[in-house]
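**Student:** Curious how this folds, go ahead:
(one chain, ligands or ions: 1)
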Amino acid sequence: MRSIRPSHLALITGLVLMPAPAHAQVSNAVRPWVKVDGATIALTHVKVLDGTGRPALPDQTVVIAGGRIQSLGPSATARPPRGAQVIDGTGHSLIPGLIGLHDHMYYSSVGGSMKPMLFSYPRLFLAAGVTTIRTTGSVDPYQELNIRTAINAGEQVGPEIFVTGPYLQGPGGGIGAMHPLDGPEDARRMVKYWSEEGVNWFKAYTTISRAELAAAIDEAHQHGVKVTAHLCSVGFREAIALGIDNLEHGLLVNTEYAADKQPDKCPNTSRGELYAGIDINSPDVKRTISEMVQHNVGMTSTLAVMELSSADRVPLDPRVLDAVFPDARQALVNWKTQNGEKTDPVQHAALKKAMQFERAFVNAGGLLGAGSDPCCLTAIAGYADQRNYELLVEAGFTPEQAIQIMTANGARILGIADRVGTIAPGLQADLVLLRGDVAAEPSSIRNVVTVFRKGIGFDPVKLTESVRGLVGIR
Ligand SMILES: [Zn+2]
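**Tutor:** Prediction:
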């Protein structure tokens, strides 16, 4: 056997001379979705909306190393480090990874059942640029917990997941996967159990009583777990007084302005008319907003799902039709045909008021995040998050503010702003490279080229292709 020089041996075995694998943590299960995995990556000539809300920075170079953002600076002076994988971002925008605060892992379609989408949704979220989600009402918490573990271990592709427990729903309100609570002690029992199982948040729902909500919040806080809510039986100000941490959906679920509101009951008033007629500058509405701000209660904007009440406004996105299974596709086409021609001025006005409420909340110093609520119809994982951006801009936020709402603010609500949510040196490299100028043309949010999570660039086309026709099935 002929002798092998040590350097030769090293080449063969990869021990010494071969560069270290760029990202040893990329497993075989994740590898098929990886597009960019240089140890050092320089994105040059990109327009940066950094998540802080400050004006977009033109022609920047962002360097990623070791899974983190190493530097951000004008391309004119910032040279890519020697050996870096250089990606020319001319004509592209770079934003932080989106943080979806109301990003369920289920979809209800034909027949209405709340079906877990544990195969398709993690891929679709990531493909659309959503790098962190809070599931905000779980129909299958154990599977969500297990997927969280698998993604954290690098054994599965997907966003970082903040798992919520099962819905905390009140008596008589049990639908789908929801357990109808039987009083405050039942709420404590449920919260204690799932907190000990490892959920990060809970979501209270539409028929919960004040006593059950109070018990749930108290028990959750004892376990270091937070509570948000999609309310109806309880008003925003009541929930704030009980110590809630976050409120979902905004104006269109705050029943405290209804004349027939009874304690612990959803009012019968026509919601559309109530909200369409509301004065956002009235003392009542101002009081709600100021109490939210005072008590540091953030709010989750879900404009994409709210828009579904006005079918004529909703674009029938071909990407959504491609993603859903055939029966659901037909249901969507039927829904649009039956409802898309009619304009309901009341629903349009209510949506406008919801947008104004969000503006007023932010102007008052409120912390607004966003989520897609990919529950149904055209609201599916990822694409509905992107639609939120277009709607936030329509609501009158600047593009920079809209990105801040969808990134940094979500990180603040989740308590992870020191790690993700903005583009700054030292932070985890969760980034989305978009073709086009997302500040000038909001629909550029749909043009995802590469999604970086922890510095690894994923391929949105491959991810999307792998789940084509599966939403509604798995
Ligand atoms: Zn929801």
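
**Student:** what residue ranges in this structure score low on pLDDT?
**Tutor:** 1-25 (pLDDT under 70).

**Student:** middle-most residue in it, spatially?
**Tutor:** residue 100 (0.9 Å; Cα atoms, centre = their mean).

**Student:** State the distance from the closest residue to residue 264 other than its chain neighbours to residue 457.
**Tutor:** Among residues not flanking residue 264 along the chain, residue 209 sits closest, at 4.4 Å (Cβ to Cβ, 6 or more residues apart in numbering). Heads up, the C-betas are built off the backbone N, CA and C, glycines and all. For residue 209, the distance to residue 457 (Cβ to Cβ, to the nearest Å) stands at 48 Å.

**Student:** ok, now residue 308?
**Tutor:** Taking Cβ to Cβ, one finds residue 308 at 33 Å from residue 457.

**Student:** ok, residue 209 and residue 457, which is more surrounded?
**Tutor:** Set side by side, residue 209 and residue 457 show more neighbours around residue 457, with 23 against 19, by other Cβ atoms under 10 Å.

**Student:** Checking the more buried one next. Helix, strand or coil?
**Tutor:** When classified by DSSP: H, G, I helix; E, B strand; the rest coil, residue 457 comes out as strand.

**Student:** who touches it in this structure?
**Tutor:** 34-37, 41, 433, 450-451 (Cβ atoms under 8 Å, 6 or more residues apart in numbering).

**Student:** Nearest to residue 386 among the residues you listed?
**Tutor:** residue 451 (12.2 Å; Cβ to Cβ).

**Student:** so that closest one sits in a strand?
**Tutor:** Yes - assigned with three-state DSSP, residue 451 falls within a strand.

**Student:** okay, now it: neighbour count?
**Tutor:** There are 30 residues near residue 451, going by other Cβ under 10 Å.

**Student:** isn't it right next to residue 432, touching?
**Tutor:** Yes - the criterion here is Cβ atoms under 8 Å, and residue 451 meets it with residue 432 at 5.4 Å.

**Student:** Now list whatever residues contact both of those two.
**Tutor:** Shared contacts of residue 451 and residue 432, counting by Cβ under 8 Å, 6+ apart, come down to 97, 129, 131.

**Student:** Who are the contact partners of the first one?
**Tutor:** Right, the one you point to is residue 97. Here residue 97 is in contact with 129-132, 159, 407, 420, 430-432, 451-453 (Cβ under 8 Å, 6+ apart).

**Student:** what sits against the spatially closest residue to it that is not a sequence neighbour?
**Tutor:** In space, and not counting its chain neighbours, residue 97 is closest to residue 131: 2.8 Å by Cβ to Cβ, 6+ apart. With contact set as Cβ under 8 Å, 6+ apart, residue 131 has these partners: 97-99, 159-160, 420, 430, 432, 451-453.

**Student:** With residue 76 instead?
**Tutor:** Residue 76 neighbours (Cβ under 8 Å, 6+ apart): residue 59.

**Student:** could you check the distance from it over to residue 355?
**Tutor:** From residue 76 across to residue 355, the span is 39 Å (Cβ to Cβ).

**Student:** For this structure, give the helix that spans the most residues.
**Tutor:** Longest helix in the chain by number of residues (criterion: DSSP state H): helix 345-363.

**Student:** Check which residues of the helix or strand containing residue 149 are buried.
**Tutor:** Using DSSP states H and E, residue 149 maps to helix 141-152. Neighbour counts over helix 141-152 (16 or more other Cβ atoms under 10 Å) mark 141, 144-145, 147-148, 150-151 as buried.
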